[in-house]
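1. sharing a model prediction with you, sequence too.
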Amino acid sequence: MLLKKLNDGNEIPMIGMGTWQQTEKDNCINAIKYALKVGYRHIDTADIYGNHTLVKDAIKGFSREKLFITTKLWRDFLDPKLVESQCDKALMELDLDYLDLYLVHWPDRTKPLAEISYEMSKLKEKGKVKSIGVCNYTINHLQELINQGIKIAINQVEYHPFLNQESLLTFCNRHSISLIAYSPIARGQVFQDPDILQLSKKYSKTPGQVTLKWMIQKDIVVIPKATSEKHIKDNFEIFDFEISLDDMKKIDEIHKIRPQRLINPEFSDFVY
Ligand SMILES: NC(=O)c1ccc[n+]([C@@H]2O[C@H](COP(=O)([O-])OP(=O)(O)OC[C@H]3O[C@@H](n4cnc5c(N)ncnc54)[C@H](OP(=O)(O)O)[C@@H]3O)[C@@H](O)[C@H]2O)c1
């Protein structure tokens, strides 16, 4: 399993398994169990996904130190006084002693975001969390944290060929913040993209595999969600080929022709 070193010294597997909308018991448990069999070690969940106990059942009996489990603090609980109790609740639901990664799920500038991340960093000292981070933060949100002396390891954002966030990636690289790409295969839409389809033929790889490898080669962690065994396995078989620099550049350009942001709830703050 390819690992990435984080700025806090911990390591994260470059590919993880997304679990958003996995609330049907058997589907969720079987998908995660199969993913573990295939070789995935990194599972991405969130309080709001409502599937902590299913993740717990799926990982039961698996060696804890080999797993990387992420969950997220939902926006209703963006209060420094609630951070530890929310973490404890997640730990209890997941039946874990510690989280590998605890993320703020969405920014809300009416809330004390720096203090909330600071409270999360205290959970590291208590051994309840290994690494901390945020999701859906723009450069300005990140800059505010940095200005207030808060160090985070991760920003998890939507990233795929239709939303190639190069300036955010450059900023994060400059500040040693690792990016995790969510919705990395654009919720299936890369399978219809003419340029990706062409590269898929050229490399004899599926459009999903080409897209995921494009991000891995940029040192971005990817967390595709899949339910079917074929999809779960396909998404993992991306370490036996290399995309050329010219083709990397071709994929880099797709967002200029066919831009699309897929996850944009009314409370998002992407214009900041
Ligand atoms: N932090 C945040 O705010 C945030 C927001 C969104 C998502 N996320 C995380 O990121 C994860 C991934 O994002 P996502 O679920 O939005 O989208 P995604 O991973 O880009 O796409 C998932 C969709 O693609 C299909 N698929 C997966 N592999 C495939 C393959 N090899 N061939 C064809 N179709 C395939 C899946 O179908 P099947 O299920 O039928 O296999 C599913 O419909 C989430 O599950 C969640 O853990 C985080």
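-> Nice, I can see it.
2. name the SS class of residue 43, please.
-> Following DSSP: H, G, I helix; E, B strand; the rest coil, the label given to residue 43 is strand.
3. which ones are touching it?
-> Residues near residue 43 by CB atoms under 8 Å, 6 or more residues apart in numbering: 16-17, 19, 32, 35, 55, 58-59, 67-70. Where you see a C-beta, it was placed from the backbone N, CA and C, and this is true even at glycine.
4. same check, this time on residue 14
-> With contact taken as CB under 8 Å, 6+ apart, residue 14 is in contact with 1-4, 216, 221-222.
5. what residues does the chain put near the ligand?
-> Contact residues, the chain versus the ligand (CB under 6 Å from any ligand atom): 18-20, 44, 105, 135-136, 156, 182-188, 191, 206, 208, 223-228, 231, 234-235, 263.
6. now the residue in the stretch 1-150 of the chain that the ligand sits nearest to, nearest residue through space, not along the chain?
-> Residue nearest to the ligand within the stretch 1-150 of the chain: residue 18 (2.4 Å; CB to the nearest ligand atom). Excluding its sequence neighbours, the residue lying closest to residue 18 (CB to CB, 6 or more residues apart in numbering) is residue 225, at 3.1 Å.
7. just confirm the one you found contacts residue 15, I think it does.
-> No - using CB atoms under 8 Å, residue 225 makes no contact with residue 15, being 11.8 Å away.
8. could you check which of those two is surrounded by more residues?
-> Shown here are residue 225 and residue 15; by other CB atoms under 10 Å, residue 15 has more neighbours (24 against 21).
9. what ranges do the strands span in the chain?
-> 3-5, 11-13, 17-18, 42-44, 68-73, 99-104, 129-135, 154-158, 178-182, 221-222 (DSSP state E).
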